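> quick one, fold the following:
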Amino acid sequence: MAHYPLEALLRPPVEWSSSLAAASLAAIALRAPDLLLLTRPAAWGAAAVLSGLALVRFAQGWRVVRYQRGLRRHRPYRIPARALDPDPAGLFLGRGFRWTARHTQRLWDATRAANRRYVEPGGWAWRAAAVPPSGLPALHGVGLLEGETRVVLPWAERQGHMFYVGTTGVGKTRAAELAIAQDIRRGQPVICLDPKGDPDLFRRLHAEAAGAGRPFYFFHLGYPDHSARYNPIGRFARITEVATRIANQLPSHGNAEAFRQFAWLFTHVIASALHALGERPDYRKTLQHMTHIEPLLVRYFEGWLDRAGPADWRTRLALDDAGPRPAPPHHLKSRDPRAVRLVQFYKDHALYDPVADGLRRAFEYEKTFFDKISVAVQPLLEKLLAGRVGELINPDYGDLDDPRPILDWAGAIRQRAVVYCGFDALTDAEVAAAVSQGMLADLVAYAGELYKHGPGENLPVPEALPETCLHLDEVAELVRGPEIVQALNKGRGAGLRFSLYTQTLADLAAGLGRDRAGQVLGNVGNTLVMLRVADLATAELLTRRLGMVEVDWLMQLSGATDSSEPDSPVHFTSTTQDRVASQTTALLEPGDPMQLPRGHAFVLMGGGQLWKVQLPELAAPFRRLPADLEDIAGDMERRYRQAAGVALGPDDSTDRAALEAGAAAEASP
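Numbering: from 1, shown residues only. All right, here's what the predicted structure looks like:
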């Protein structure tokens, strides 16, 4: 168990008294050596020794003062854009230090009641500030004596995914910017899923993509006129994936599971028929044929019979129609007569085709029963098709006049593109979750293809598997099904590197369920970046994984004893003692992550190494967006920040003018 003794750092700088005395004697030795009964050479030597002693003692006193100032003050940390160039060692996280038992001892000393004056903000600079510093600066100040270093996550550790957690307004999105900029500069495909819409993050992605000469795709449910189009169920390795992606978004608890299974069956039948007819499945066609399956059945049966049925099937069917025919079953009397005759011909001649048989069974269900079963999926499809959103996620592949590109994960990854996906969750959270879940399921399917067959021959180096970096901001709002677990499980082998961002563990449990949330944490817990959190359970996600250490504390004892002898000249005796005691405590208490300043984090990586990190403020992108995209970014800034009720203060936001000036200097030759 690690142990560090007490350090005398929380006290006045008494070293300065001896420093002043030594400096005064050195001055006397130089100016009036006779007063010290010294010869001139001896006086010079004495002055040199005394000056050295004065400097040493001053430095020792300054160390104490500097430590105490670090306990109560924030230090700004800004870096230029060139500082984000890829580091061969790994992903740059910020500056900081390895947290050990020494820092636990210092923090424990500083936060004792008798020493609170050393950590509480004060001084004229603090009183003049418009907003007091946030959090407990001492959490970072305890490590300043040994100096800070660049904290880098090795690339091998990045393969195990990353998990960022922190409450609103403490720097999660800025941490995402830091990681995304480095991923883009490394030349990797980057996909960012942003449920609400952050204008600064959007600007950063576009600027970095432009600077690296990479394709940039913009998909956003709130801006359909400028967004790329995307079909979440249009690409698949097996046709069963289409039904699975739709059915996974339906409730699966209790009696709802039976409805979900029937919905999967009917959706699969429709998708299989469309695929066999050479058409790409989408939500619109699925809903259309689910409510009225006869036209699809007629088209498929006629096409299949032309290909694989009897050569004279049309003649036979006409003869059957001319002769006496039994009345159809009662539940089929209201159905399309052509569909009824085709199904009867199929059964009379003992024909078989798996797709045709599935259509037949769906057709022969009583209409009211079919409607009751399919009602589970119809509301979902109606949501996805309402308004302009339906245009985006049901693209017309034959419309060559539409300038909006169609997003395809295989093409984007092969181009090593940068993709920004916004889902306008503040406007309609249900549709945002449904589209993002379908998008993630599509990615999982493509990851499976990459894992089995590799990236294909269209890459510059066919045998190289690109590391695709996916950043999911507010992940609890994006995924509500099993797709995220599958993605994390198989993603490593397919080259997917996930970074998940959320506010609390409760968000994950509410969106995914407790068991599935535990699966997610088990897959991303290899590297944990914890900014300030607001609840105890989330803080314990970090602290429970740390060990125990011993801390020392100074115990003062005093007492007095009366004399029992009346004739003794000693009437009482008193004692005063200082004792050093020790006790076992956690390396980090749950309350510590709850007091982190904005832009600060604890990082657990490398199999249990704990680092205290300060995230840098990035220079504003100096590459301007195109006019149409800048209008979108401005509209995001007005609508989303106002809707979220964000009030930025001097400690929350970046000094935009200073950063833009730095960016301009960076851009100038």
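> C-alpha from now on. contacts and neighbour counts both.
Fine.
> buried sites along stretch 417-428?
Using 16 or more other Cα atoms under 10 Å as the test for burial, stretch 417-428 gives 417, 418, 419, 420, 421, 422, 423, 424, 425, 426.
> nope, stretch 342-360 is what I meant
Within stretch 342-360, the residues scored as buried using 16+ other Cα under 10 Å are 342, 343, 344, 345, 346, 355, 356, 357, 358, 359, 360.
> mind putting those residues in CSV, distance to residue 401 and pLDDT included?
Putting the buried residues of stretch 342-360 into CSV (distance: Cα to Cα, whole Å; pLDDT from 0 to 100) gives the following:
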residue, distance to residue 401, pLDDT
342, 39, 90
343, 40, 89
344, 44, 87
345, 43, 87
346, 42, 89
355, 34, 93
356, 36, 93
357, 39, 92
358, 37, 92
359, 35, 92
360, 38, 90
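> so which strand or helix has residue 106?
helix 101-110 (DSSP states H and E).
> could you tell me how far that helix lies from the centre of the chain?
31 Å (Cα atoms, centre = their mean, to the nearest Å).
> tell me the buried residues in that helix?
Here helix 101-110 shows 101, 102, 103, 104, 105, 106, 107, 109, 110 as buried, counting by 16+ other Cα under 10 Å.
> how about the nearest residue to the fifth one, chain neighbours excluded?
To tie it back to what came earlier, the one meant is residue 105. In space, and not counting its chain neighbours, residue 105 is closest to residue 551: 5.4 Å by Cα to Cα, 6 or more residues apart in numbering.
> any idea how far residue 104 is from the one you found?
8 Å (Cα to Cα, to the nearest Å).
> please apply the same query to residue 350.
With the distance defined as Cα to Cα, residue 350 ends up 80 Å from residue 104.
> and residue 162, by the same measure?
On the measure of Cα to Cα, residue 162 and residue 104 end up 25 Å apart.
> residue 385 - how many residues pack around it?
19 (other Cα atoms under 10 Å).
> likewise residue 264?
Residue 264: 22 neighbours (other Cα under 10 Å).
> which element follows the helix or strand hosting it toward the C-terminus?
Per DSSP H and E, residue 264 falls inside helix 256-276. Once helix 256-276 ends, the next helix or strand along the chain (criterion: DSSP H and E) is helix 283-291.
> what helices and strands are in contact with that following helix?
helix 256-276, helix 378-385 (3 or more Cα pairs under 8 Å, 6 or more residues apart in numbering; DSSP states H and E).
> let's see 10 Å
Applying 3 or more Cα pairs under 10 Å, 6 or more residues apart in numbering; DSSP states H and E, one finds that helix 283-291 contacts helix 240-247, helix 256-276, helix 294-308, helix 367-374, helix 378-385, helix 389-393.
> of those, which is nearest residue 209?
Taking Cα to Cα, helix 389-393 is the member of the helices and strands packed on helix 283-291 nearest to residue 209, at 23.1 Å.
> circling back to that earlier point, can you tell me which of the buried residues of stretch 417-428 are in strands?
418, 419, 420, 421, 422 (DSSP state E).
> and the gap between the last one and residue 73?
Pointing back at residue 422 there. Taken as Cα to Cα, the span from residue 422 to residue 73 is 37 Å.
> got it, and the fourth one?
Distance of residue 421 to residue 73, given as Cα to Cα: 38 Å.
> what of the first one?
Taking Cα to Cα as the criterion, residue 418 is separated from residue 73 by 38 Å.
> ok, the second one next?
Noted for residue 419: a distance of 39 Å to residue 73, by Cα to Cα.
> over to residue 443?
In this view, residue 443 and residue 73 are 45 Å apart by Cα to Cα.
> any low-confidence regions in this structure?
In the predicted model, the chain carries pLDDT under 70 at residues 1-6, 121-133, 254, 320-328, 330-331, 370, 373, 454-465, 622-623, 640-669.
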